[in-house]
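Asks: Got a sequence here, can you model it:
(2 chains)
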There are 2 protein chains.
Amino acid sequence: GFIALNCETVLDYAASKENVAKVLGGASTRASWSAKEIGDGNINFVYIVTGASANKSVIVKQGLPFVRCVGESWPLTQERVRYEAEALIQAHKFCPEHVPEVYVYDATMATIVMRYLEPPHIILRGGIIEGKVYPKLAEHVGEYLATTLYKSSALAVGGAELRRARQAFGQNEDMCELTEQVIFTEPYGKADNNHWTTPQLDDIVGEIQSDAALKRAINALKEKFMTEAQALLHGDLHTGSLMCTETTTFAIDNEFAFYGPMGFDIGAFLANLLLAYFSQNGWAKCNGEDRGAQRDWLLSAFASTWGIFEKRFLEQWNEQGVRDDCGGLSPAILYGKDVKSGASALEEHQRTFMRKIWADTLGFAGAKMIRRIIGIAHVADLDKIPDANVRAQCERAALKCGRELM
Amino acid sequence: GFIALNCETVLDYAASKENVAKVLGGASTRASWSAKEIGDGNINFVYIVTGASANKSVIVKQGLPFVRCVGESWPLTQERVRYEAEALIQAHKFCPEHVPEVYVYDATMATIVMRYLEPPHIILRGGIIEGKVYPKLAEHVGEYLATTLYKSSALAVGGAELRRARQAFGQNEDMCELTEQVIFTEPYGKADNNHWTTPQLDDIVGEIQSDAALKRAINALKEKFMTEAQALLHGDLHTGSLMCTETTTFAIDNEFAFYGPMGFDIGAFLANLLLAYFSQNGWAKCNGEDRGAQRDWLLSAFASTWGIFEKRFLEQWNEQGVRDDCGGLSPAILYGKDVKSGASALEEHQRTFMRKIWADTLGFAGAKMIRRIIGIAHVADLDKIPDANVRAQCERAALKCGRELM
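Replies: Numbering: from 1, shown residues only, chains lettered A, B, ... in the order given. Down below sits the predicted model:
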């Protein structure tokens, strides 16, 4: 049955799983192991278990049947841990360089035991706020997105297998419902969860909440989110879900994973780059920091993430080639070598396909930016700018950008 | 366990189901019952079981674990019967006037026992080919589409319930895969299944199969079909799936049912009206029939089906009103009475929503028309026109129309 772990019992738990014990230096070294709880999230408990030496560590993540920061009065299905585990395992299979390995997923205990991302890995958002530049980030995330999205889509697996995989994965109802509420609805109307830098932004928030065209746009994006099951998404790919060093990048925290529109993942990441970009003036003004290099990097990372995504996505498509059967989106009888002008028709088809993903991406990016400024959950990049007037200037610029993107 | 029925054993089977026996006049009248196999399809067996009197009859439909017209060498999952039964039961709940009642769904036996649609009900396609006019058809099918599509969509049930219903329903992989092959792929390339009136149409078929823009369009529609799970569709709503009299209309044969884009069902029906319309000249020329009234009716039915669909769809939306929670596509915090300009914003949102459905509808209608002329399965409306030159003229006009719609 299920037992909530603590810093003591998690050691026995780790020792009981053969391949975990092995990572930690073998069960015989159990006496020297130690554990620390590091979960700063609102929902789960997260332990670092350190084994025979510091370089032999694992992460144990456990989901309790309620919301961590509230307690038993707010129950939450542990099914979310299954979605997270399955999505992580799948993503690692697709893109091992940028997704940590899962050693154990234990449904009964609602735990995931996975690779510990050793120092100097830190949460990307923290690094960016400190003013760091990650020269490899766009390349890594572009690769991650291209690989996970392409390989789980009908392009790679065909329609029948896409349906089977979607059915087996389930629908992650609770987490999707949360997204629909906090991203696609609340920011565009009066909701208790909303908050913003006030009174500085009251006027623009008022405009947003009475803009009929924007409401149409957010509903169209919401419906896309609800109904367009193109690929297995991360579902929450912001800069807080990425662990980085200057040379490595890993995507974690897949608990919002679901089959949805590709642009939602790409847009989430790009929105967070833009939010960080718009915060730069604030940090420069408040702390007298020179943020020029980081500003330039963030903007170029925005553009090159898309460029690398597109390039790698098409490379995979061309490498796999057209499908001999009729099950995919580029069958040989339409685009094969024997078809007159087949190759040029395929190129046009691919251009159309990528243009649609790009349009979706910009829309979702805009929605993400707006919700992070006036919805329930803000980003530290902007929120921690100490001077409210300076912060509001940054936020106003970001809101304008978000509206235009949508 | 499963046993294949025949005209004898189907009587005992009917007697063994209490509510079926009741419809037939009571189990005590069993000695006077009789059965006839009427399945003219390629896949299932269909029996009329007649009870104590002719007005006490039921239909028993059984799916065997293989394709009927081929035999055991082509196995086919009986799971399709579950999808058909569940979709019929759901559609009857949503729209009892236009969907026959299901008395029993028996998973083990892969049977559906349902209402017998008594004479003079006939398959609509047959009636149209005979030159009949159905003055109520557009109203009935518009109502059927508006009711089944609205009530199973996120508009009516919200995002979380849509996901739950979708997951419970499954994905009907085999039937969807068939559709992807025969509608969205084969007609646009060389495939053994394709056939057309030759040599008369060779030139236009050649054009279609080397038209890069058309290939882009069909792939975009195919992806929509694969990924856009908006509502529970009939999945194969052609004029052969409708049983009619002059005053009644019933939709049957839901074995292709799945969660997909609304426009696919609407477009399927409209395409069949257009195909019938384009066949009129052929029937007039070959048989010297005066088809003027039917022509006019078919064209007006095309327009008014959409008009009635749109009107009834919006009526249901407005009747249900905005949702108090955030789960739907018209939440109160965006469009409620207390929101400034909320009502006009809702109207704009609804207009945008309906425009998208209309665009999808035309695209799918075009795809359906093309596949019925050059793909594997043709429609009798055109196929039975005896003179090949006359037939080819009709088909050429229909192909042009289909291409334009796409």
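
Asks: Does A:Leu149 touch A:Phe313 like I think?
Replies: Yes - counting by Cβ atoms under 8 Å, A:Leu149 does reach A:Phe313; the two are 7.1 Å apart. In short, each C-beta sits where N, CA and C put it, glycine included.

Asks: who's more crowded, these two?
Replies: A:Leu149 (27 against 24; other Cβ atoms under 10 Å in any protein chain shown).

Asks: so who does that one touch?
Replies: Going by Cβ atoms under 8 Å, 6 or more residues apart in numbering or on different chains, A:Leu149 touches A:Gln230, A:Ala231, A:Leu233, A:Met262, A:Asp265, A:Ile266, A:Phe313.

Asks: Okay, the second one and chain B: tell me how far apart.
Replies: The spacing between A:Ala231 and chain B, counted by Cβ to the nearest Cβ, to the nearest Å, is 9 Å.

Asks: what residues are up against that residue?
Replies: A:Thr148, A:Leu149, A:Tyr150, A:Ser152, A:Ser153, A:Tyr259, A:Gly260, A:Met262.

Asks: again, but for the fifth one
Replies: Shown in contact with A:Asp265 (Cβ under 8 Å, 6+ apart): A:Leu145, A:Thr148, A:Leu149, A:Leu233, A:His234, A:Gly235, A:Leu237.

Asks: repeat that for 7 Å
Replies: Applying Cβ atoms under 7 Å, 6 or more residues apart in numbering or on different chains, we find A:Asp265 in contact with A:Leu145, A:Leu149, A:Leu233, A:His234, A:Leu237.

Asks: Check these and tell me the two furthest apart.
Replies: Across those, the longest distance by Cβ to Cβ is 10.7 Å; it joins A:Leu149 and A:Leu237.

Asks: Return the distance of stretch A:122-131 from the chain's centre.
Replies: Averaged C-alpha coordinates place stretch A:122-131 at 16 Å from its chain's average position (Cα atoms, centre = their mean, to the nearest Å).

Asks: what is the rounded mean pLDDT of it?
Replies: Averaging pLDDT along stretch A:122-131 gives 95.

Asks: What of stretch A:250-260?
Replies: 96.

Asks: If you count neighbours, what's buried in stretch A:43-59?
Replies: The neighbour-count check on stretch A:43-59 (16 or more other Cβ atoms under 10 Å in any protein chain shown) flags A:43-51, A:56-59 as buried.

Asks: Would you reformat those residues as CSV and include distance to chain B and secondary structure?
Replies: Shown next, in CSV, are the buried residues of stretch A:43-59 (distance: Cβ to the nearest Cβ, whole Å; DSSP: H, G, I helix; E, B strand; the rest coil):
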residue, distance to chain B, secondary structure
A:Ile43, 18, coil
A:Asn44, 21, strand
A:Phe45, 26, strand
A:Val46, 27, strand
A:Tyr47, 31, strand
A:Ile48, 35, strand
A:Val49, 35, strand
A:Thr50, 40, strand
A:Gly51, 40, coil
A:Lys56, 40, coil
A:Ser57, 37, strand
A:Val58, 33, strand
A:Ile59, 29, strand
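
Asks: biggest separation within those residues, which pair?
Replies: A:Ile43 and A:Lys56 (27.7 Å).

Asks: And chain A, split by domain according to the record?
Replies: A:9-115, A:122-405 (automatic domain parsing).

Asks: Show me how far the shortest one is from its chain's centre.
Replies: Centroid displacement of domain A:9-115 relative to its chain, using Cα atoms, centre = their mean, is 19 Å.

Asks: Contact partners for the nearest residue to A:Leu405 once chain neighbours are set aside?
Replies: Distance criterion Cβ to Cβ, 6 or more residues apart in numbering or on different chains; nearest residue to A:Leu405, sequence neighbours excluded, is A:Gly366 at 3.1 Å. For A:Gly366, the contact set (Cβ under 7 Å, 6+ apart) comprises A:Gly402, A:Arg403, A:Leu405, A:Met406.

Asks: and which of those residues is nearest to chain B?
Replies: A:Met406 (13.5 Å; Cβ to the nearest Cβ).

Asks: Assign the residue of chain A positioned farthest from its centre to helix, strand or coil.
Replies: No residue in chain A has its C-alpha farther from the mean C-alpha position than A:Lys340, which lies at 41.5 Å (Cα atoms, centre = their mean). Using DSSP: H, G, I helix; E, B strand; the rest coil, the structure places A:Lys340 in coil.

Asks: Excluding residues flanking it in the chain, which one is nearest it?
Replies: Nearest to A:Lys340 is B:Ser210, by Cβ to Cβ, 6+ apart, at 5.4 Å.

Asks: With adjacent residues omitted, what lies nearest to the most centrally placed residue in chain A?
Replies: By Cα atoms, centre = their mean, chain A has its centre lying nearest to A:Leu237, at 1.4 Å. In space, and not counting its chain neighbours, A:Leu237 is closest to A:Ala268: 4.5 Å by Cβ to Cβ, 6+ apart.

Asks: before we move on, what about A:Leu24?
Replies: A:Gly51 (2.9 Å).

Asks: what does the stretch 101-250 of chain A put close to chain B?
Replies: Taking Cβ under 7 Å from any Cβ of the partner chain as the measure of proximity, the stretch 101-250 of chain A contacts chain B at A:154, A:159-160, A:162-164, A:166-167, A:170-171, A:173, A:176-177, A:180-181, A:185-186, A:188-191, A:210, A:212, A:215-216, A:219-220, A:222-223, A:226-230.

Asks: pLDDT of the helix or strand containing A:His349, averaged?
Replies: Using DSSP states H and E, A:His349 sits in helix A:342-374. For helix A:342-374, the mean per-residue pLDDT is 96.

Asks: Go through it and flag the buried ones.
Replies: Here helix A:342-374 shows A:342, A:345-346, A:349-350, A:352-354, A:356-358, A:360-374 as buried, counting by 16+ other Cβ under 10 Å.

Asks: pretty sure the residue nearest to A:Leu24 contacts A:Trp33?
Replies: Yes - A:Gly51 lies in contact with A:Trp33 (Cβ atoms under 7 Å); the separation is 5.4 Å.

Asks: Look up the residues that both of the two are in contact with.
Replies: The contact lists of A:Gly51 and A:Trp33 share A:Leu24, where a contact means Cβ under 7 Å, 6+ apart.

Asks: And A:Gly292, how far from B:His349?
Replies: Distance, A:Gly292 to B:His349, by Cβ to Cβ, to the nearest Å: 43 Å.

Asks: SS state for the residue in the stretch 251-400 of chain A that chain B sits nearest to?
Replies: Nearest to chain B, among the residues of the stretch 251-400 of chain A, is A:Ile333, at 3.0 Å (Cβ to the nearest Cβ). Here A:Ile333 is recorded as helix under three-state DSSP.

Asks: Make JSON lines from the contacts of A:Leu149 and add distance to A:Pro135 and secondary structure to it.
Replies: Shown next, in JSON lines, are those (distance: Cβ to Cβ, whole Å; DSSP: H, G, I helix; E, B strand; the rest coil):
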{"residue": "A:Gln230", "distance to A:Pro135": "30", "secondary structure": "coil"}
{"residue": "A:Ala231", "distance to A:Pro135": "28", "secondary structure": "strand"}
{"residue": "A:Leu233", "distance to A:Pro135": "26", "secondary structure": "strand"}
{"residue": "A:Met262", "distance to A:Pro135": "25", "secondary structure": "helix"}
{"residue": "A:Asp265", "distance to A:Pro135": "22", "secondary structure": "helix"}
{"residue": "A:Ile266", "distance to A:Pro135": "20", "secondary structure": "helix"}
{"residue": "A:Phe313", "distance to A:Pro135": "22", "secondary structure": "helix"}
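
Asks: Cheers, nothing more for now.
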